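Participant: okay, predicted coordinates and the sequence, questions at the end:
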Amino acid sequence: MKPFQKHTTLFSLYVAQSIPMSFFATVLPVIMRMENYSLESIGLIQLIKIPWILKFFWAPWVDRNAGKKHGYKKWIIASELFYAMVILSIGFFNLTTDFKTIVVLMVVAFFLSATQDIASDALAIKILNTGQRSIGNSMQSSGSFLGTLFGSGVLLVLYPSVGWQGIMFLLGGIVLVALLPMMFNVRNDATLAPADVSPPSWRDVISFFRSSIVLRRIALLMIYYSGILGILVMLKPYLVDLGYNIRTIGFIAGIYGTAFGAAFAFVAGVIIRRIGNHRSVILMAFYSFLTALYFSTFMTNTANPVVVYTGVALLWTAYSMSTVVVYTVSMNLVRPGREGTDYSIQIVITHLSGLLMAVVSGFVAERIDYSGFFSLEAVWALIIVVLSPLLYREKGDPAFRELRVVRKKSVSWKWIQR
C-alpha cells in the first residue's frame with residue numbers, strides 16, 4: 001500500500017469517527033448551559049463517553065477475531081455500518097421530550113465508535129512502519145480535529161437552521177461515505193495477525209502491567225493532558241457566561257480552534273520526526289504549561305476578542321500536538337497480534353484521565369470560579385513538565401524492557417532486557 005493510500009484511509013476513518021462524537025459532546029453542553037443547567041451537570045454529561053473508557057475489555061476479542069479472515073477490515077466496516085444506523089435512529093427522537101432515550105442511544109453510538117477505534121488503531125499500527133508513525137499519527141489527529149471542526153463548529157452553527165433530524169441524517173451519511181477509501185485501499189489480508197503468534201486472551205490485559213516501564217508510561221498518560229484538558233472542558237461554558245451566543249461559540253471553539261488543532265497536528269508530526277519522541281514529550285508538556293499560564297494571566301473575566309481568540313488558538317494547538325505525541329509513543333509499546341488491545345489500554349488511560357478531568361473540572365470551577373480554576377491548572381501543568389522526563393522511557397534506554405509475545409500455544413508475555 002502506498003503512503004498516500006495509507007494516509008487517506010486513516011484520515012477518512014478518523015474523520016468519520018470524530019464528527020458525530022464531537023457534535024454530541026458539543027451541542028449538549030452548550031444547550032444545557034443556555035437552559036441554565038449547572039456546571040456540575042454539564043461535567044456529568046461527559047459520562048456518555050464511558051464506552052471509550054471500557055473498550056479495552058473487548059479489545060482482545062477484536063484482536064482474536066481479526067486474526068482470521070479479512071483481519072481488522074471486517075471490524076471497521078461492521079462497526080461503522082451500525083454506527084451510522086444508530087445515528088440515523090437518533091434523528092427520529094425529540095431532543096427536549098426524549099432526552100433520556102437520546103442519551104442511551106448516544107452511549108450505544110459511542111460503543112460502536114469505540115469498537116471501530118480499536119480496529120482502526122490496530123490497522124494503523126499494522127500498515128505504518130516505525131519511520132512513518134509520526135506523520136501517520138499526524139494524519140489521524142488531523143482527521144480527528146477536522147472532524148471535530150465540522151461536528152462541533154460547522155454543525156453547531158447549522159443546527160438552528162437545519163434542525164435535529166437534519167443534522168442526524170447528515171452525520172449518518174458522512175459515516176457511510178468515509179468507509180470508501182478503506183474499502184478500496186486495504187487488502188483483506190493486510191491486517192492479519194502473524195501465523196506463529198498465539199491468539200489473544202483476556203489475560204493479556206492484565207499482563208500488560210507487569211513491568212515498571214509500563215507503569216511509568218501509564219502514569220505519564222494519566223497526567224499528560226490534564227494541565228490543559230480541564231480548561232478545554234470549561235471553555236464553552238465560560239464563553240456562554242462571558243455573553244457569547246451559540247453561533248459565535250460554535251465558530252470560536254469549533255471552527256477556529258479546531259482548525260488550529262488540525263494544522264498543528266501536522267506540525268507536531270514533523271517536529272517528532274526531527275527531534276525524536278523523548279524531546280517532543282517534554283517540549284509539548286512545556287507548551288501546555290505556557291497555554292495554561294496564558295489563561296490564568298489574561299483570560300480571567302474578559303470578553304476581549306483578541307485575548308479570547310489568542311487563548312483558544314493556544315489551547316487547541318497545545319492539545320493537538322500533545323495528542324500526536326501520545327499516539328506516536330503509544331504505538332511503540334504493542335505486541336504482535338495484540339495491537340488493538342495494547343494500544344487501546346494506553347489510549348484508554350488518556351480517556352480515563354479526560355473523563356475524570358471533565359467531571360472534576362465542573363465541581364472545582366463551580367466552587368473557586370474560573371480564575372482560580374485556570375490558576376490551578378497552570379500550577380499543575382508546570383508539575384507535569386517536571387515529571388514528564390522522569391516518567392518517559394524509550395527503547396534505547398537501559399531501563400526499557402521490550403515486550404514480546406511468547407510463540408505457539410502460550411499466551412503470556414516475556415519481558416526481555418533489550
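Facilitator: Perfect, thanks for sending it.

Participant: drop to CA atoms for contacts and neighbour counts, all remaining ones
Facilitator: Fine.

Participant: residue 281 and residue 137: what is the separation?
Facilitator: Distance, residue 281 to residue 137, by CA to CA, to the nearest Å: 15 Å.

Participant: tell me which of the two has more neighbours.
Facilitator: Using other CA atoms under 10 Å as the criterion, residue 281 and residue 137 rank with residue 137 on top: 29 against 23.

Participant: what's the helix or strand harbouring residue 249 packed up against?
Facilitator: Per DSSP states H and E, residue 249 falls inside helix 246-249. Applying 3 or more CA pairs under 8 Å, 6 or more residues apart in numbering; DSSP states H and E, we find helix 246-249 packed against helix 155-162, helix 226-241.

Participant: pLDDT of the first one, averaged?
Facilitator: Spelled out, it's helix 155-162. Confidence over helix 155-162 (mean pLDDT, whole number) is 79.

Participant: list the helices and strands that helix packs on?
Facilitator: Using 3+ CA pairs under 8 Å, 6+ apart, helix 155-162 sits against helix 3-34, helix 246-249.

Participant: okay, those, which one's buried deepest?
Facilitator: Mean neighbours per residue, mean count of other CA atoms under 10 Å, is largest over the helices and strands packed on helix 155-162 for helix 3-34, with a mean of 21.

Participant: that helix vs helix 226-241, what angle?
Facilitator: Relative orientation of helix 3-34 versus helix 226-241 (axes from the mean of the first three to the mean of the last three CA atoms, to 10 degrees): 50 degrees.

Participant: so how far is the helix holding residue 249 from its chain's centroid?
Facilitator: On the basis of CA atoms, centre = their mean, to the nearest Å, helix 246-249 sits 24 Å off its chain's mean C-alpha point.

Participant: tell me the first helix or strand C-terminal of that helix.
Facilitator: Defined by DSSP H and E, the subsequent element after helix 246-249 is helix 257-275.

Participant: nearest to residue 372, out of the helices and strands packed on helix 155-162?
Facilitator: Within the helices and strands packed on helix 155-162, the stretch nearest residue 372 is helix 3-34; the backing value is 20.5 Å (CA to CA).

Participant: report the angle between that closest one and helix 155-162.
Facilitator: 60 degrees.

Participant: show me what helix 3-34 is packed up against.
Facilitator: helix 39-44, helix 99-127, helix 133-148, helix 155-162, helix 164-177, helix 180-185, helix 226-241.

Participant: what is the mean pLDDT for the first one?
Facilitator: Computed over helix 39-44, the mean pLDDT rounds to 68.

Participant: for the next helix or strand after that helix, name the packing helices and strands.
Facilitator: The helix or strand immediately downstream of helix 39-44 is helix 50-54, counting by DSSP H and E. Applying 3+ CA pairs under 8 Å, 6+ apart, we find helix 50-54 packed against helix 99-127, helix 339-391.

Participant: the shortest one vs helix 133-148, what angle?
Facilitator: Same thing as helix 99-127. 160 degrees.

Participant: for the nearest residue to residue 127 once chain neighbours are set aside, give its distance to residue 13.
Facilitator: Nearest residue to residue 127 in three dimensions, chain neighbours excluded: residue 6, at 7.1 Å (CA to CA, 6 or more residues apart in numbering). Plainly put, residue 6 is 11 Å away from residue 13 if you go by CA to CA.

Participant: now do residue 227
Facilitator: 29 Å.

Participant: swap in residue 334?
Facilitator: The value you get for residue 334 to residue 13, if CA to CA is used, is 21 Å.
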